[in-house]
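J.: Turn this into a structure:
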Amino acid sequence: MTKHKAQRASLTDRMRGVSGEVLKFAVVGVVGIVVNFGVSNAVLHATHWAPVRCSVIGTVVAILANYIGYRYWVYRDSDAASRRREITLFLVFSAIGLLIENGTVWVVTYPLGMKGTLAYNASKVAGTGVATLFRFFSYRTWVFKAMPELPAVAPVGGPAVVAQAERILASDVQYTN
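T.: Numbers count the residues shown, from 1 in each chain. Okay, here's the model as predicted:
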């Protein structure tokens, strides 16, 4: 095995790391969805304002809640030195997500002429789904950059000792006292 390959994590290890990130992102996202739908529906039914306006209000409140979750839980290990850049990119990508999400509400409400709570919430679900995919990939790629991984440390004892340890760990021999 070359030195370069030894330092790269296996695909399984990388997928394991991403699955944890996806799970945390999903938890924050579910909280954001509850906030988004709760606020937007409360505003819609309490004020009887235009559906898109109510949806935007709910989305903005959810974006604020999500930033706290992403910054301090999901991506807490990311580089804190570039906070201004991070917040700027977060707001830019969140605004694009807001347009995606609320664009579906607008299309369903006005050009398609579908009114009512069911049409409103169905359009928010569709828009939120597409916007969530966009946000996940943009946040993890450009906004919350993880700290660089430390290079792999060479094991003590050289290749012969490592090979012997790998053989022992790979064997099915049971040792008893």
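
J.: Quick check: the gap between Lys62 and Phe37.
T.: That one is not Lys; residue 62 is Ala. Using CB to CB, to the nearest Å, we find Ala62 at a distance of 9 Å from Phe37. In this view, the C-beta of every residue, glycine as well, is placed from N, C-alpha and C.

J.: One more: Lys24?
T.: 21 Å.

J.: Counting neighbours, go ahead and name the busier of the two.
T.: Residue environment comparison for Lys24 versus Phe37 gives the larger neighbour count to Phe37, 19 against 16, counting by other CB atoms under 10 Å.

J.: my read: that one touches Thr59, true?
T.: No: in this structure Phe37 lies outside contact range of Thr59 using CB atoms under 8 Å: 10.0 Å.

J.: How much space separates Thr141 from Leu89?
T.: As for Thr141, its distance to Leu89 is 10 Å (criterion: CB to CB).

J.: which residue ranges form the helices in this protein?
T.: Secondary structure of the chain by DSSP state H: the helices cover 3-7, 11-47, 51-69, 83-109, 117-138, 158-170.

J.: Among these, which comes closest to Lys145?
T.: Each of the helices of the chain has some distance to Lys145 by CB to CB; the shortest is helix 83-109, at 8.3 Å.
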